[in-house]
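Student: fold the following, please.
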Amino acid sequence: MPSYTTADLAERVKGELKGRADLGIEGVGALKDASERQITFITDQTHAGLWARSRAAAAVITDGLDASGHDPNARALIVVPSASLAIIELLQLFAPPPLLPDAGVHPTAWVHPDASIGQDVRIGPHVSVDRGASIGDRVVLYAGVCIYAEAHVGDDSILHSNTVIRERCHLGQRVITHQNVSIGADGFGFEPAPDGSGLLHVPQIGNVELCDDVEIGAASCIDRAKFGTTVIGAGTKIDNLVQIAHNCRIGSSCVIAALSGLAGSVTVGDGVSIGGAVAVSPHVTIGSGVSVGACSGVMRDISPGQTCLGTPATEAREALRQAAALKRLPGWMREVSRRLDSD
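Tutor: Below you'll find the predicted structure:
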C-alpha cells in the first residue's frame, strides 16, 4: 500500500499546507468515514463544519471555506482552488493497479481470420471478433465482449464484460464502455401496416460513431441510425441505464445522467448537462451549454446557455415560480371558497 506524507500530497496538488507536514497518508476516505491514516476532501461550508468531528488525518479543502475547530498541531488542511479537482489527482495516486485480462488473446476467444488485431491487445475469455472487424493497439476486451462484422475499436479503448458493438459501428480512441453496453442495436422504428394487420419494421441501415474519449455507463444503449450515423461527440460521458435513440447527435464534453432517454433525431450541442431521468422528445434541439434538471421533460427546443427544469422543461427561474405558485394554490382555493361563502 503506498504511503505519502501530507507535505508530499500538498506538493502534488499544488496546495497550501496548514498544519502538520509529516503525517503519513495511506488512502482516501469520506469525511465521516475516513481513518487516522486517510485524507478526505471538503468542497462546501456544510462539510467544512463537520471537519472537527472527522477522524481523517488531513483534508483537501476549497479555498475560502472555514474548517472551524482545525488543530494545526494534530492534523493538516491542504487549501486548493477546487477540492473536487484536487481529489482526482489523489485518487489516481492511491488507486490500485487495474486488473486487466492477460496479454494476448485468450484461448477461448474467437477471432475471425479476416479481422484485424492491433499490437499489445488484451482479449479476454469468450470474446468474439467477427470478420472485417478491426481492433486497435492496446485495446482491452474483457470477458464476453462481442464485436460484430466490420466494426472498429480505436486504440487504447477498454470494453468491459458483455459489451456488444454491432456491425459497422465505429469507436474512436480511448473509448470506455462498462458492462452490458449495447452499441448499434436497431433503432425503434415501426409503422402501421396499410391493411391494419400490424406493424411494419423500418430498416435501420445506419451505424453509430463514438468519438475519442467517450465513456458509456453500464447497461446503456445507443441505437444505430435509420440512415446515416448516430454520433456521440468527443469527451462525452454517459451514465448507466441511458437510452440514446436512432439518429441522435450528441456534442462534445456533454454529461448525461442515469435513466435518461433521448428519442429519435435529438440534437445536443457541446457542454450540455442532462440530469437523471430526463426525457427528451423526438427532433428536439438542445443548445450548447444547456443544463437540464433531473426528471425534466424536454418537449421543445432549448436555446444555448439556458438552465431548465420541470415538465415541460422551462427556464429555471420561471419553473421555480410556477412550483411556488402551485404550492400556494390550496390556500388560494380555500380563500376563494371562504369569500364565496361569505357573499
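
Student: counting by contacts, list what the lengthiest helix in the chain packs against.
Tutor: Taking DSSP state H as the criterion, the chain has its longest helix at helix 316-342. Applying 3 or more Cβ pairs under 8 Å, 6 or more residues apart in numbering; DSSP states H and E, we find helix 316-342 packed against strand 307-309. The way it works is simple: take the backbone N, C-alpha and C, and place the C-beta from them, glycine included.

Student: who does the strand it packs on pair up with?
Tutor: Using DSSP bridges, strand 307-309 pairs in its sheet with strand 291-292 (parallel), strand 314-315 (antiparallel).

Student: mind putting those strands into JSON lines with distance to Pro203?
Tutor: Shown next, in JSON lines, are the strands paired with strand 307-309 (distance: least, Cβ to Cβ, whole Å):
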{"stretch": "strand 291-292", "distance to Pro203": "32"}
{"stretch": "strand 314-315", "distance to Pro203": "38"}
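
Student: tell me the most buried of those strands?
Tutor: strand 291-292 (a mean of 22; mean count of other Cβ atoms under 10 Å).

Student: thought Gly310 was touching Ser296, still the case?
Tutor: Yes: if you go by Cβ atoms under 8 Å, Ser296 and Gly310 touch, sitting 5.7 Å apart.

Student: so which of the two has more stuff around it?
Tutor: Neighbours per residue, other Cβ atoms under 10 Å: of Ser296 and Gly310, the larger number sits with Ser296, 23 against 19.

Student: could you measure from the closest residue in space to Val13 that isn't next to it in sequence over to Leu171?
Tutor: In space, and not counting its chain neighbours, Val13 is closest to Ala86: 4.2 Å by Cβ to Cβ, 6 or more residues apart in numbering. Distance, Ala86 to Leu171, by Cβ to Cβ, to the nearest Å: 31 Å.

Student: so for those two, which residue has more residues nearby?
Tutor: Leu171 (29 against 24).

Student: mind listing the residues bridging to that one?
Tutor: On the basis of DSSP bridges, Leu171 is bridged to Val153, Leu210.

Student: distance check, it against Asp114.
Tutor: Separation of Leu171 from Asp114 (Cβ to Cβ): 19 Å.

Student: same check on Glu315?
Tutor: Per Cβ to Cβ, Glu315 is found 54 Å from Asp114.

Student: quick check: Ile302 touching Ser291?
Tutor: No: under the criterion of Cβ under 8 Å, Ile302 makes no contact with Ser291, lying 9.6 Å away.
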